[in-house]
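1. predicted model and sequence below, questions to follow.
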Amino acid sequence: MRQLGVVGLVSLDRVDGGLPRLGGAPFYAAKALRLLGQPALIATKLAPEDSGRGLHALGIPVYARPAERTITFRIENDGDHRTMEIEELGEPWTPQDVREWLEDALRPADWVHAGALTRADFPAETLALLHRGRVLSFEGQGLVRPAEKGEVRVDADYDPEVLRHVDILKLSEQEADALGLALDDRSLASLGVAEVVVTLGSRGAVVFSDGLAEYVPARPVEARDPTGSGDKFMAAYLTYRRQRHSPRSAARLAGEVVRTLLAA
């Protein structure tokens, strides 16, 4: 059976002064995929000393390879506002990774989400290989977030070749601002990506497809720690899109999945 694959670095997150815990697109996407009960797989890299922190207990098949280090963040939340610092950088996904093991791991996947944490994670050459024969979704952090230690900042200094290989782009509102985008048809179309999803936190999302941008509201939920909500949303969104839901319907249903997970 064909399925959704999520590729990305697992992170160690120190959230609101707590102990380090797993994070990153693979970890949070797995939570949504487990709830949805749809066939899916995770591919990641992390330092061997962090491999026993619970990734394989998420109920989703995981393909992992060792890395010299695990990317590490410090995160402080204040409602929809957050501050983040990168304390340790991770390792990029290289074309060699794809050829040596990732292509084989992703063989069952007809849709793949590249869950970037920084601009260095997925070079254009790597995305080109991941895109072959698949629908490719991309996390907008891979456009706007420089790979550097210290307080996380965003800018628009990305390689335009990256977007040539992307079918669906996910952006946060802050990332869209960094790219100088308005949340309207013409501005989102300027990216040259057929489908764009801009998440707005507790206010919902804007989805762009077929040349039109639509606002999709979300039901509010109280959540002190929304870390990973965007990754959960995108995993659910892509699951529903694979089931032939429209972008608007997929965004509405994905919002409900995130609401359920945050309220748990």
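-> Structure's in. What do you need? Numbering: from 1, shown residues only.
2. other SSEs contacting the longest helix anywhere in the chain?
-> Identified as the longest helix of the chain according to DSSP state H is helix 247-263. Secondary-structure packing of helix 247-263 (3 or more CB pairs under 8 Å, 6 or more residues apart in numbering; DSSP states H and E): helix 25-36, strand 195-199, strand 205-209, strand 212-216, helix 229-242. (Glycine included, C-beta is placed from N, CA and C.)
3. next one: that helix to chain centre, how far?
-> 15 Å (CA atoms, centre = their mean, to the nearest Å).
4. adding mean neighbour count and distance to residue 156, write the helices and strands packed on helix 247-263 out as JSON lines.
-> Shown next, in JSON lines, are the helices and strands packed on helix 247-263 (neighbours: other CB atoms under 10 Å; distance: least, CB to CB, whole Å):
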{"stretch": "helix 25-36", "mean neighbour count": "25", "distance to residue 156": "22"}
{"stretch": "strand 195-199", "mean neighbour count": "25", "distance to residue 156": "15"}
{"stretch": "strand 205-209", "mean neighbour count": "24", "distance to residue 156": "18"}
{"stretch": "strand 212-216", "mean neighbour count": "16", "distance to residue 156": "19"}
{"stretch": "helix 229-242", "mean neighbour count": "26", "distance to residue 156": "19"}
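5. quick check: which of the ones you listed is nearest to residue 103?
-> Closest to residue 103 of the helices and strands packed on helix 247-263, according to CB to CB: helix 25-36, at 17.4 Å.
6. report pLDDT for residue 202.
-> Per-residue confidence (pLDDT) for residue 202: 85.
7. that older thread, any idea which of the helices and strands packed on helix 247-263 scores lowest on pLDDT?
-> helix 25-36 - the lowest mean pLDDT of the helices and strands packed on helix 247-263, at a mean of 93.
8. can you tell me how far the spatially most central residue of the chain is from residue 6?
-> By CA atoms, centre = their mean, the chain has its centre lying nearest to residue 115, at 3.7 Å. As judged by CB to CB, to the nearest Å, residue 115 and residue 6 stand 6 Å apart.
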